[in-house]
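K.L.:
structure for the following, please:
(chains A and B)
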Amino acid sequence: MPQLRKDPIVSRWVIVATERARRSAAFVDPVKHETSPEDCPFCHDRMSGEVYSGDGVKVLKDKTAFFTDAEPSTPRANGLYQISPSYGHHELVVESPEHIANMADLPAEQIGHVFRTYALRMRHHENDPLVKYVLAYKNYGVAAGSRSIGHARSQIMAIPVVPVRLQDKINGAKLYFDFHERSLFVDLVRQEQKEAERVVLETDHFIAFCPFAARFPFEVWIMPKPKHQHSDYSHGVEGLVPELAGVMKTLLLKYKAGLNDPAYNFVIQSAPASLGAEECYCWHIELLPRLTRVAGFERGTGFYINPIPPEMTAKFLREVKA
Amino acid sequence: MSEMRCDPIVGRWVVLDTDHPKRPGDFPKETRKLSAKATCQFCPGKEHFTPHEVDAVRPQGSHANSPGWMVRTVPNKFPALGRDGEVEKEAWGMFDLMSGVGAHEVIIETPDHERDLADLSIEEVDLVLGQYLSRSRDLAKDKRHKYICIFKNFGSSAGATVEHAHSQLIALPMVPKTVLEELRGSHAYHQARGACVFCDMIEQEYKDRERIVCENKSFLAFCPFAPRYAFEVWVIPKAHSASFADMDEAARKDLAAHLHEVLDRVRKVLGGPAYNFYIHTAPIDYANPQHYHWHIEIIPKLTRSIGFEWGTGLHIVPTLPHEAAGYLRKS
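P.N.:
Numbers count the residues shown, from 1 in each chain, chains lettered A, B, ... in the order given. Alright, predicted model coming up:
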């Protein structure tokens, strides 16, 4: 019997339908890389627009930027419709000088440099009064929205609005806090630890688990443990970077080995102090392998059909040797 | 310089690329790969491969689950929800769950393996709409169901796993989040202004004109002001109506002609792209029909959703809606 499960943060229902994984062609192909090191725009210092460089990580201004850092004009409206200039910054993080495609294959130390760079860029952009939110995320593989250049990179976007998905999470966390006078994220980690069956791995400061109402098969969330929780990533991660890098490397290697080098996305979900969620919110990372295609039902309803229960995917990922 | 636009119903901001807007030919083409007719389980003569049909249009004397049908509805062989049992709700600590009770059906739109919905005649599209309506009305009688979602995936990048033209219906024991957000937004608008936000949108689309694709007596097609996807098109009844299932015969005939025209324009301009559409309608027995307005959202699958959109819900749209509407009008 399929189950309907509700995400405790944003109240989104998900169908966990075990029957549907049996369909043919339901899963997408592994990642292919078409660019050789000779043709790679991120090797050989061919890059322009550098805004930061250190520890083998380079941050470049993205040329295809949808956001402009020119002084914005005032918002305007046409009847029902509101328009605002898209002020902001879009940056590319080149994760290593080496022509390595998958972050999983970088040394843990280098992954740490990348995660430290995210924190630095977030703090840098948060000084800009016109920026409301800074997002750090990664697209790996064409199915995840990346070009097929085999050189690991991720992206930073500083934008003038609070993204709806994050606002949803903060709203949910606030409601929970008002009602229970406890942090939802503390309760969440404690329940995952107690039940254990959705946990993929634990370290001193972090837990990685397949969420109870996962939208996608093999979706994993990485979250600091209760005593180390902080609403904002760039401050909360201080002192924990090497451990976080180790967790990321292990998880990404498990994906690569167990799921045949799948495309994936990850996104850091942080709430900076300006959003007033210090008590109720905790930063975390969503790691989403792109194994199934999102179809009309999901797009049209915001209601996801996950063909594999997270308890099964967690067990699988626990047992994969990385 | 690009700009951000706010959707007036749910308050979602999107980013539009006004500097280098993409034209129809700029998107990668997906060619439709047809599976061999011999192995297709939706073709006439293969009725025994599907679960027993729940509805069909057949000439007199033609028997259920035999060839001869013009359109046919069967339960999904790999259902997302189970048919039997009660809706049992429980909590596991902080987690809420309920039994996955509902219905998941497939509407096989034509016996012809080669044709998609856009290739059918207006009369054939009307038969498909007839199935949508009769199944919606029938499943609405089941008190376990709260919402009926009708949608179509065409082409593998839009999530279709069977090529033979079909759409799907899922009856749910709760209202999905995206629809809830529309209901909340339109309710707030109605509270503040005493009007339906969708009716006001229609009025403004007529005033602005530039985003209109086409229309007939009962329906209007336009590219929404703050779309999430390039070449997104909405089809909406001109007269206020909260529920798709309340549509009368005359409106159904108009919708068949209108949908036929819109899908044909999309196909001509974008070269037969993969696409999704879904019907957004009010929940079953909805108490406040004055503020909601049913509509169909048609989304050609031209770009991939990237990590940024997954993480934020902020969509970056490479084509301006008035330009998309211009291409679609001219076809």
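K.L.:
for chain A, what is the nearest residue in chain B?
P.N.:
B:G159 (2.5 Å; C-beta to the nearest C-beta). To be clear about C-beta, it is placed using only N, CA and C from the backbone, and glycine gets the same treatment.
K.L.:
quick check, A:Q82 in a helix?
P.N.:
No: the assignment for A:Q82 by DSSP: H, G, I helix; E, B strand; the rest coil gives strand, which leaves it out of any helix.
K.L.:
for burial, what's the neighbour tally of B:V74?
P.N.:
22 (other C-beta atoms under 10 Å in any protein chain shown).
K.L.:
contacts only, for it.
P.N.:
If you count contacts by C-beta atoms under 8 Å, 6 or more residues apart in numbering or on different chains, B:V74 has them with B:T50, B:P51, B:H52, B:E53, B:V54, B:E105, B:V106, B:I108.
K.L.:
which residue is the nearest non-sequential neighbour of the fourth one?
P.N.:
Same thing as B:E53. Nearest residue to B:E53, sequence neighbours excluded (C-beta to C-beta, 6 or more residues apart in numbering or on different chains): B:V74, at 5.0 Å.
K.L.:
and the one you found, helix, strand or coil?
P.N.:
Secondary structure state of B:V74, per three-state DSSP, is strand.
K.L.:
mind listing the residues bridging to it?
P.N.:
Beta-bridge pairing for B:V74 (DSSP bridges): B:V106.
K.L.:
and it, what pLDDT?
P.N.:
What the model reports as pLDDT for B:V74 is 98.
K.L.:
equivalent analysis for the one 5 residues further on, please.
P.N.:
For B:P79, the model assigns a pLDDT of 86.
K.L.:
ok, back up a step: what is the neighbour count of the residue of chain B closest to chain A?
P.N.:
A count of nearby residues for B:G159, using other C-beta under 10 Å, gives 22.
K.L.:
for it, phi and psi?
P.N.:
As for B:G159, its main-chain torsions (degrees, to the nearest 10) stand at phi 100, psi 0.
K.L.:
thought it was touching B:N276?
P.N.:
Yes: between B:G159 and B:N276 there is a contact under C-beta atoms under 8 Å: 7.1 Å.
K.L.:
assign the spatially closest residue to A:L252 that is not a sequence neighbour to helix, strand or coil.
P.N.:
Using C-beta to C-beta, 6+ apart and skipping residues adjacent in sequence, the residue nearest A:L252 is A:A104, 3.5 Å away. Under three-state DSSP, the three-state class of A:A104 is helix.
K.L.:
now the one 10 residues further on
P.N.:
Using three-state DSSP, the secondary structure recorded for A:V114 is helix.
K.L.:
for it, which non-adjacent residue is closest in space?
P.N.:
Nearest non-adjacent residue to A:V114, counting by C-beta to C-beta, 6+ apart: A:E95, 4.8 Å away.
K.L.:
next, count neighbours for that neighbour.
P.N.:
Counted with other C-beta under 10 Å, residues neighbouring A:E95 total 24.
K.L.:
what separates the residue of chain B closest to chain A from B:V262, distance-wise?
P.N.:
Applying C-beta to C-beta, to the nearest Å, the value for B:G159 to B:V262 is 20 Å.
K.L.:
quick one on the thing from earlier: quick check: the two most widely separated of the contacts of B:V74?
P.N.:
Using C-beta to C-beta, the two most remote members of the contacts of B:V74 are B:H52 and B:I108, lying 13.4 Å apart.
K.L.:
settle this for me: the residue nearest to A:L252 is touching A:L253, isn't it.
P.N.:
Yes: between A:A104 and A:L253 there is a contact under C-beta under 8 Å: 4.8 Å.
K.L.:
of the two, who's got more company?
P.N.:
The neighbour comparison of A:A104 against A:L253 (other C-beta under 10 Å) goes to A:A104, with 22 against 17.
K.L.:
quick one, what contacts the more buried one?
P.N.:
A:K249, A:L252, A:L253, A:Y255, A:K256.
K.L.:
show me which residues of the stretch 151-300 of chain B sit near chain A.
P.N.:
Those residues of the stretch 151-300 of chain B that sit near chain A, judged by C-beta under 8 Å from any C-beta of the partner chain, are B:151-153, B:156-161, B:168, B:170, B:172-174, B:176-179, B:181, B:197, B:200-201, B:204, B:207-208, B:225-226, B:276-278, B:280, B:297, B:299.
K.L.:
so of the contacts of A:A104, which ones are in helices?
P.N.:
Cross-referencing those against helices under DSSP state H gives A:K249, A:L252, A:L253, A:Y255, A:K256.
K.L.:
dump the residues you listed into a markdown table; add pLDDT as well.
P.N.:
Output for the ones in helices among the contacts of A:A104, formatted as a markdown table (pLDDT from 0 to 100):
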| residue | pLDDT |
| --- | --- |
| A:K249 | 98 |
| A:L252 | 98 |
| A:L253 | 97 |
| A:Y255 | 96 |
| A:K256 | 94 |
